[in-house]
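>>> Predicted structure and sequence below. I'll ask about it afterward.
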Amino acid sequence: MNRLAWLPVALAVLLGLIAGLYYAWVVNPVAYTDTAPASLRADFRLDYLTLIAAAYAGEGDLPRARARLALLPDPNPAETLAALAQQRLAAGRPLAEAQALAVLASALGERPTPFAEGETPQPAVTSFPTRTATRSPTAPPIRTATATPGAPFALSSREPVCDQDLDPPRLMVEIRDRSGRAVPGVEILVVWDEGQSRFFTGLKPELGLGYADFAMQPGVAYTLQVAHSEEPIAALESPACTAADGTGYPGSWQLTFVQP
Amino acid sequence: MKTIAFRVAVGLVIGLAAGLIYGWVLRPVKYVDTSPDTLREDFRADYVLMTAQAFGGDDDLESARVRLAALGPRPPLDLVVEAIEYAVARNFSQRDLDTLNRLAVALRASPGAGIDGP
């Protein structure tokens, strides 16, 4: 048998291969109708995270929230949730949504991660917030603090902070409960001559679960009030600081509130 | 001539089989960017339950509708009823059933406009 005799066979194999691939990839591809949350597109995955947080806000079942989060390939869900909270706030989404994310992030941050060591799946969100001012929310929260209900927070210390890296200067607030633990999700109201803003502790877990900050304008006097706190702190103006070379710059304030 | 036709037929079958094995087994179409409407039944039920739990916290029926719309173009009430049936069949807790029922009742009481799915 000469070589040419095999040519039709080779062509037939090629034709069959093409037909097979066409059928397998185009006409009748493998149908994935029973997918898992891990395969969701990135935007749907973030919506799924938001839904987990909203369900946690409605029910308060942390083990269940953990089990749901474990379905997604994220090595550090607490950071992802906190970052997502800020993104949603910045995008003008409902405040309750961002707060639910922040509260769940805080709740997760207080306990060990449910993920096994060595797992390095792709995080759902790869960019995390830097230390910047929080946005002013636009709607009242539905679910508020996780602090001890009814117990007021009292100002424990009020110190000027001279740090040139803090630009713009900030009102930095730290909230702690009776036992000295950081309290996330506490609402803080700031009022000044031309407006007001609300922000929450725990939205920047990398700086502490009880931490929150607000960007100050030099020369503007602010009044700050913490939820569950009886007295507002008035006349908070950026203190004057002096750099090593003698130049002046606006400083920040560090306010610590505790439950007496 | 008969031999050639036989060889061609054999070649076609071999090629087709190789193509199918490659396309279905070795390198199937990968769905990595799926949408919630492709979720498996148990995940769908949990998705609906999460929506109901969120609704239990915020009473925001419109948000619940938007979330359920991600599961496809079917009416949201049908999706909740389907989840309730699944929950009953799988012995979900009474609390979960109550949560789902509450959303179903709210949807039934306020049919609203349909929201397109993904």
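Structure received.
>>> where are the low-confidence patches of chain B?
Residue ranges of chain B with pLDDT under 70: B:1-2, B:29-31, B:111-118.
>>> Find the closest residue to chain A in it.
Closest contact between chain B and chain A, by CB to the nearest CB, is at B:Gly19 (1.9 Å). Every residue, glycine included, has its C-beta placed from N, CA and C.
>>> Confirm for me that that residue is in contact with A:Gly16.
Yes: assessed by CB atoms under 8 Å, B:Gly19 is found in contact with A:Gly16 at 6.5 Å.
>>> tell me the secondary structure for the residue of chain B closest to chain A?
helix (DSSP: H, G, I helix; E, B strand; the rest coil).
>>> Run through the residues that contact it.
Applying CB atoms under 8 Å, 6 or more residues apart in numbering or on different chains to B:Gly19 gives the contacts A:16-24.
>>> Excluding covalently adjacent residues, which one is nearest to it?
A:Gly20 (1.9 Å; CB to CB, 6 or more residues apart in numbering or on different chains).
>>> Just confirm that neighbour is within a helix.
Yes: assessed with three-state DSSP, A:Gly20 lies in a helix.
>>> and it, how many neighbours does it have?
A:Gly20 is flanked by 23 other residues according to other CB atoms under 10 Å in any protein chain shown.
>>> Name the residues of stretch A:83-100 that come out as buried.
Buried residues in stretch A:83-100, counted by 16 or more other CB atoms under 10 Å in any protein chain shown: A:83-89, A:93-100.
>>> element containing residue 13, please.
No chain was given, so I picked chain A. Assessed by DSSP states H and E, A:Val13 sits inside helix A:7-22.
>>> actually it's chain B I care about, not the one you picked
Assessed by DSSP H and E, B:Val13 sits inside helix B:2-20.
>>> what angle do that helix and helix A:7-22 make?
30 degrees (axes from the mean of the first three to the mean of the last three CA atoms, to 10 degrees).
>>> Return the distance of helix B:2-20 from the chain's centre.
39 Å (CA atoms, centre = their mean, to the nearest Å).
>>> In the helix or strand following that helix, which residues are buried?
If you walk from helix B:2-20 toward the C-terminus, the next helix or strand you reach (DSSP H and E) is helix B:41-58. Within helix B:41-58, the residues that count as buried by 16+ other CB under 10 Å are B:43-58.
>>> Which pLDDT value goes with the closest residue to B:Tyr22 other than its chain neighbours?
Nearest residue to B:Tyr22, sequence neighbours excluded (CB to CB, 6+ apart): A:Leu21, at 6.6 Å. On pLDDT, A:Leu21 comes in at 84.
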